[in-house]
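Trainee: Here is my input, please return the structure:
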Amino acid sequence: MPVSQRLVRPRNGKVIAGVCAGLADRFGLGRNTVRFLFVLSCLLPGPQFVIYLALWLIMPKSTV
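Mentor: Just a heads-up that it's a prediction; the model follows:
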């Protein structure tokens, strides 16, 4: 899959909000890899969940 030029949440292939799928598409990574890294990061202390919610609100949905 080619790297996306914009950071958007896809309409297809999302699990919860599409944030991890959008990040994966933007940076050319596997969607499941980004999801796994996010879940793994939630085991560490920090604002990961808050950042996810903020990205959910900030990232626009894909128009395609």
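Trainee: Every contact and neighbour count from this point should use C-alpha atoms.
Mentor: Fine.
Trainee: Can you list the low-confidence ranges for this protein?
Mentor: 1-4 (pLDDT under 70).
Trainee: okay, which residue of this structure is out on the far edge from center?
Mentor: Relative to the centre of the chain, the most outlying C-alpha is that of residue 45, 19.5 Å out, by Cα atoms, centre = their mean.
Trainee: Can you give me every residue that contacts the most centrally placed residue in the chain?
Mentor: Against the mean C-alpha coordinate of the chain, by Cα atoms, centre = their mean, the closest residue is residue 20 at 1.9 Å. Listed by Cα atoms under 8 Å, 6 or more residues apart in numbering, the contact partners of residue 20 are 14, 31, 34, 35, 38.
Trainee: was I right about the second one contacting residue 15?
Mentor: No. The pair residue 31 / residue 15 is not scored as a contact, 10.0 Å apart, by Cα atoms under 8 Å.
Trainee: and the one helix or strand residue 22 maps to, which residues are buried?
Mentor: For residue 22, the element it lies in under DSSP states H and E is helix 19-27. By 16 or more other Cα atoms under 10 Å, the buried positions in helix 19-27 come out as 19, 20, 21, 22, 23, 24, 25, 26.
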